[in-house]
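>>> Provided below for reference: sequence and predicted model.
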Amino acid sequence: MNGLSKLSGFPPAGSPSGQPGGGPVWRQDGWWPSKAAFSLDFFVGRTMRGGQSFPGIEGLSTLRSSAHLLADEHGLHRSFAANELAVVPGVGAYIGRQVASLVANGHNLALGNWSNVSSATALDLGDAALGVFRRVAVASGGNVNGRRIQNVSVTGGTPVSIVSFYETGTSGRVRLRLGTSSGQSVLRGPVGALSVLDEGAGALTNISTVNLGANIWRTTLVWTPVETGTGNIGIGSDSATKGETVIALGLEAQANAFPTPFISTGTPAPTRLASDVRATEMGWFTAAGLAEGFSFLFDGEISHPANGTTRNLFNIGNGSGDRHVLYIDSSSGNLLLSAVVGGSALPTGNRLNVGAPGLGRLVVAGRCANGSRYLRRKGAASAVSVATGVMPANPAMLYLGQSNAISGFFDDAIRQFHICRPMSDTELDAWVNAA
Amino acid sequence: MSTLTTYRLRDESAELLWERLAAASIGKARAYAFEAEGEKFFDEARVTLPRPEMLPDEAGPEEVLVATGFWLCEVALVDEEDGALATVS
C-alpha cells in the first residue's frame, strides 16, 4: 500500500464514524499516525486531511513575494516560485525568515560581478551543476592567494554566513578567503579537510563541509568581521602552481547569523523573503471534534544552534487571541509548550519545558487539552501539566514554523507535522520513540 | 506566470518607514507593517526589512560605499498592485 489512495472503511471527509454508546472510531489504515485529523508529510510529499490522503501538500497557504531555492540531500537545487512552499522529498519543507544575499549572481562566478585577483584566471566551463550553478574553473597564476572575488559590505561584529559549493579541481585543494582592509580570514586545505589559516578579518565559526557525492562539496561557515566597510569574499585553488584549479560552483555571503538555503541568482544582490505558511481553512479541526483538545506530532531538523531568536514550531489558535504555541525560547534555547489565555501568556513556570534540543533531528509530541497537557521530546524527559490547559474555541488559524506575527521562524526543515485527537502519554511516547 | 510589482520606500529612519507602511495598511486585510503585543513588525513575507542606503563614496574609490543617512525598504506584491503604496513610495 502506498498510502496515496482512499482507503476502504475509513470515514470520508473528516466525518468520524460512530458507535452506539461510544465516541468516534478512527483506524490507522494509512501512512498517517493513529487518531490523526490533519497530517503533513513533507519528507515524502503527501497530505491527509479528514481521513483522505492526497498526493502532494494540501491544506496550507504560502505567502512569499520572492522565489526560493532548496536543495536535496545531494545538493540538487529546486527553484520554487513566489508563494510556493519550498518542499523537497527527502528533506522536508523549509520555513524560514527573510535573508539578504550580499553578493549578486553567486550562482555563476563567470559573470562580471566577479573578478580575479592575485594572478588567478577563470574559465567558464559552460555547463551546469546541481540544478542552479555554472561550473567555473578558477586557476592559480602561481600565487596561492589567487582567487575569484566579489566585494561585500559588512558591519563589524555582525555575523555573515558564507555558503559555498565547489568541485575538486586539479589542485585537489580549495581556499575560501574573506578580506577587509584590516586583514584576511582564510579557510583552506585539501578538499574535505579544510582548516583555518588566519582570522585577521574576523572569527570563522560553525564550519561545516559536506560531500554531496562524486567530487562536489558544500562548505558553510559564519564569519564575524572585525571591521565595518567594504570587504570581499573569494574562492581559489589554494595552489602556488600555475594552472592548478578548483571548480567553483556557487559562493555567497548571507546577512544572517547562520547559513540558510542558497539565494543569489540575480543582480542586484537579492533578498529571499520570509515564508508565511499557514492553514486558514480549519474545518477539519472542528469536524474531528478537537475543540476540547488535540495532540500534535512534529518531526524536523535543527541545523544551527540557538542564536538568540525565538523559533516557533507551530502556533494554533485565534491570531493574537488565545492560542497554543510550541517554540524554542530565544534566551534559554529550551523547547517550550505555552498558551495564551485571555490575552496573557502562561506564567513561565506553567509552560511545559523539555530542555534545549541539540543539533540534528528534532522529534517532539504533545497534547493540548482542557486540564491535561503533555510534552515529550525524543531524548529528553517528558513534561506534564494537568492544571493549566485551556483550549481556544474553534481556532481560526494554524501557523506552521512561525508565530502569529509573521516572525519567529523555524528556519529549518520540517519533515512531518500531524494534528490528532488527544493521545495518551503512552501513545505519544511510543510515536516519539518510533520516529 | 506571476507578475511582481515592487515599491521602494526611502525615509530618514526605519521607524518612519514603518509608520508609512502602517498608514498604507489601513483598511487592508493584511498589513505591511503592524503592531502585535506591543512590538512593531513588518510583513517579512512581502517587505524587505529596512536597511541603510549605501552609495559609492564620491571622494574615494568607487567600490567603497558610504551611508547616506537614509533608509530603504521595498514592498513586493505578486499579481497585485496597491495605489496606497504607489502614493507613499
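That came in fine, so what should we check first?
>>> can you list phi and psi of the spatially most central residue of chain B for me?
Most central in chain B under CA atoms, centre = their mean is residue B:73, positioned 2.7 Å from the mean C-alpha point. Dihedral angles of residue B:73 (phi, psi; degrees, to the nearest 10) stand at phi -150, psi 160.
>>> so, low pLDDT: which residues of the chain?
In the absence of a named chain, this looks at chain A. Scanning chain A for pLDDT under 70 picks out A:1-29, A:387-389.
>>> the intended chain is chain B.
B:61-63.
>>> chain A contacts on that one?
B:2, B:4, B:34, B:36-37, B:39, B:41, B:43-49, B:51, B:54, B:63-65, B:76-78 (CB under 8 Å from any CB of the partner chain). The C-beta positions use only the backbone N, C-alpha and C, and glycine is treated the same way.
>>> PyMOL command for the buried members of the residues you listed?
A single PyMOL command selects the buried members of those (16 or more other CB atoms under 10 Å in any protein chain shown):
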select buried, chain B and resi 34+41+43+44+45+46+47+48+49+51+65+76+77+78
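>>> okay, and which of the residues of chain B next to chain A map to helices?
Using DSSP state H, no member of the residues of chain B next to chain A sits in helices.
>>> which SSE is residue A:338 in?
Using DSSP states H and E, residue A:338 maps to strand A:335-341.
>>> can you list the strands that whatever helix or strand comes next after that strand pairs with?
Next along the chain after strand A:335-341, taking DSSP H and E as the criterion, comes strand A:344-345. Paired strands of strand A:344-345, with direction, are strand A:335-341 (antiparallel) (DSSP bridges).
>>> pull out the buried positions in the partner strand.
So strand A:335-341, judged by 16+ other CB under 10 Å, has buried residues A:335-341.
>>> tabulate these (CSV), appending distance to residue A:197.
As requested, those are arranged in CSV below (distance: CB to CB, whole Å):
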residue, distance to residue A:197
A:335, 38
A:336, 41
A:337, 45
A:338, 46
A:339, 51
A:340, 50
A:341, 55
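>>> tell me which two of these sit farthest apart.
Spatial extent of the buried residues of strand A:335-341 (CB to CB) is set by the pair A:335 and A:341 at 20.2 Å.
>>> who's in contact with the strand holding residue A:338?
Strand A:335-341 is contacted by residues A:313, A:317, A:321-329, A:345-346, A:351-357, A:362, A:364, A:366, A:368, A:373, A:375, A:377, A:383, A:388-390 when judged by CB atoms under 8 Å, 6 or more residues apart in numbering or on different chains.
>>> swap in 6 Å and give it another go.
Applying CB atoms under 6 Å, 6 or more residues apart in numbering or on different chains, the contact partners of strand A:335-341 are A:322-329, A:345-346, A:351-354, A:357, A:366, A:375, A:377, A:390.
>>> filter the residues you listed to the buried ones?
Counted by 16+ other CB under 10 Å, the contacts of strand A:335-341 give A:322-329, A:346, A:351-354, A:357, A:366, A:375, A:377, A:390 as buried.
>>> could you pick out which of these are located in helices?
Among these, the subset assigned to helices under DSSP H is empty.
>>> restricted to strands, list the residues you listed.
Mapping the buried ones among the contacts of strand A:335-341 onto strands (DSSP state E) picks out A:323-328, A:352-353, A:366, A:375, A:377.
>>> got the buried residues for stretch A:205-221?
Buried positions in stretch A:205-221, judged by neighbour count with 16+ other CB under 10 Å: A:206, A:209, A:212, A:216-221.
>>> fine, thanks again, bye for now.
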